[in-house]
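K.L.:
Here you go, sequence then predicted model.
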Amino acid sequence: MPGGHIKVGKLGSRRRRNLFQRGGRRRKWFISTVGLCALIITLIFGGLYIANAQENRSYTGLRVAAERSLKPIYSPSLFDGLTDEPAPEVAVEPEPENPPPSKEVALVEAPDPNAPPRIYLTFDDGPSALSTPKILEILAQYNVKATFFVLGTQAEARPEMVKAAADAGHVIANHGYSHDYASVYASPEAFMQDLHQCEDILTGILGSPPKRIMRFIGGTTVSQLEYNPGTRDAIMQALVAEGWRYFDWNADLYDSISGPGPAQGVLGSQLNTGIDEKISYGIKDIVVLAHDTNARTWTPADLPMIIEHCKAKGYTFEVLSGSSPECAFR
């Protein structure tokens with residue numbers, strides 16, 4: 001109606017709006033309350049579950065540990081196949097009172113670190129008519145023994161020299177028969193035939209086979225062997241099979257040079273210096289290469305100074321044998 005009075009329609013609409021707003025606030029409160037209660041309940045039951053799970057895990061761990069500790073004792077596999085019958089006795093072979101010696105016998109003697117250095121004088125290619133008597137005379141004068149690597153051809157020509165050296169206590173060793181590089185190193189068979197030929201000659205001169213000690217002509221690193229390793233290996237295998245010992249050298253008088261040769265004392269002085277140097281490096285066994293031929297007149301000329309020098313240093317002189325320390329270039 002006019003005059004400022006409120007209409008009934010508008011009043012009803014406002015009341016409905018107020019009622020709806022109050023209902024919305026109640027619904028929000030109810031939902032919040034229900035959510036809070038649900039959260040509290042979840043936290044309570046969740047804590048109980050976690051505590052229970054931890055207790056169960058702890059118990060499970062303890063049980064597994066206990067089972068593992070008891071398994072070696074109570075494992076059924078340990079009792080499988082057990083019977084009342086006594087176990088068969090195991091025969092134990094008694095240790096022999098005197099065990100058999102090893103089949104591997106060392107041919108080379110062990111070096112003595114406290115022993116004085118040893119000098120092995122060796123002379124190749126003899127005997128000779130001029131040098132051998134002089135060498136034997138000097139060795140006798142100083143009471144020194146040496147090793148002579150004899151050639152079969154030279155032994156055939158001067159058997160009395162071979163016999164004289166052997167009677168004086170020197171070792172007669174094998175240097176082959178011919179000293180012909182081409183024929184000797186043609187094949188393993190040719191090499192062994194040349195070696196046996198010399199051995200037969202020495203056996204006839206000495207009355208018994210000499211010791212199986214030999215030296216390769218030119219040494220084990222001679223070019224004929226270096227360029228034919230198959231031949232070299234086959235020769236060495238044949239030597240070992242027949243019980244031969246072969247020796248190179250680690251000190252050289254260098255008296256195999258041609259021509260008139262150096263002045264007396266030059267080669268001997270160089271050799272003495274070389275020997276002292278090697279010994280200072282810890283080499284205790286010095287195998288000296290020298291030659292016994294008519295052309296090498298400076299060899300006996302320098303021999304006294306070599307012997308005197310080594311004796312003054314306290315070195316000892318020995319001969320090569322089957323048990324001497326190895327001296328090989330390879």
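P.N.:
Yes, it's here.
K.L.:
Kindly report the domain assignment for this protein.
P.N.:
The record's domain parsing of the chain by automatic domain parsing lists 8-69, 118-317.
K.L.:
Of those domains, flag the one that's most buried.
P.N.:
Most buried of the domains of the chain, by mean neighbour count (mean count of other Cβ atoms under 10 Å): domain 118-317, with a mean of 18. C-betas here are computed from N, CA, C, even on glycine.
K.L.:
Start and end of that domain, how far apart?
P.N.:
Domain 118-317 has an end-to-end distance of 6 Å (Cα to Cα, to the nearest Å).
K.L.:
re the thing from before, reformat the domains of the chain as TSV; add distance to S323.
P.N.:
Conversion of the domains of the chain to TSV gives the following (distance: least, Cβ to Cβ, whole Å):
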stretch	distance to S323
domain 8-69	63
domain 118-317	9
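K.L.:
Export those to JSON lines and append columns for mean pLDDT.
P.N.:
Below are those laid out as JSON lines (pLDDT from 0 to 100):
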{"stretch": "domain 8-69", "mean pLDDT": "53"}
{"stretch": "domain 118-317", "mean pLDDT": "96"}
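K.L.:
out of those domains, which comes closest to S324?
P.N.:
domain 118-317 (7.2 Å; Cβ to Cβ).
K.L.:
can I assume A328 is in contact with T221?
P.N.:
No - contact status for A328 versus T221: not in contact, 9.1 Å apart, counting by Cβ atoms under 8 Å.
K.L.:
Name the residues contacting each of these two.
P.N.:
The contact sets of A328 and T221 overlap at D248 (Cβ atoms under 8 Å, 6 or more residues apart in numbering).
K.L.:
so how far is K311 from A115?
P.N.:
16 Å (Cβ to Cβ, to the nearest Å).
K.L.:
Which residues does the residue lying closest to C310 once chain neighbours are set aside form beta bridges with?
P.N.:
Spatial nearest neighbour of C310, chain neighbours left out: I119 (5.1 Å); criterion: Cβ to Cβ, 6 or more residues apart in numbering. Assessed by DSSP bridges, I119 has beta-bridge partners I286, F317.
K.L.:
show me the residues around I119 that make contact.
P.N.:
Here I119 is in contact with 275, 286, 288, 310, 315-318 (Cβ under 8 Å, 6+ apart).
K.L.:
With L271 instead?
P.N.:
So L271 contacts 251-254, 288, 302, 306 (Cβ under 8 Å, 6+ apart).
K.L.:
ok, so of those residues, who is nearest A140?
P.N.:
Checking the contacts of L271 one by one against A140 (Cβ to Cβ), the nearest turns out to be I306, at 15.5 Å.
K.L.:
The closest one is in what secondary structure piece?
P.N.:
Counting by DSSP states H and E, the element that carries I306 is helix 298-312.
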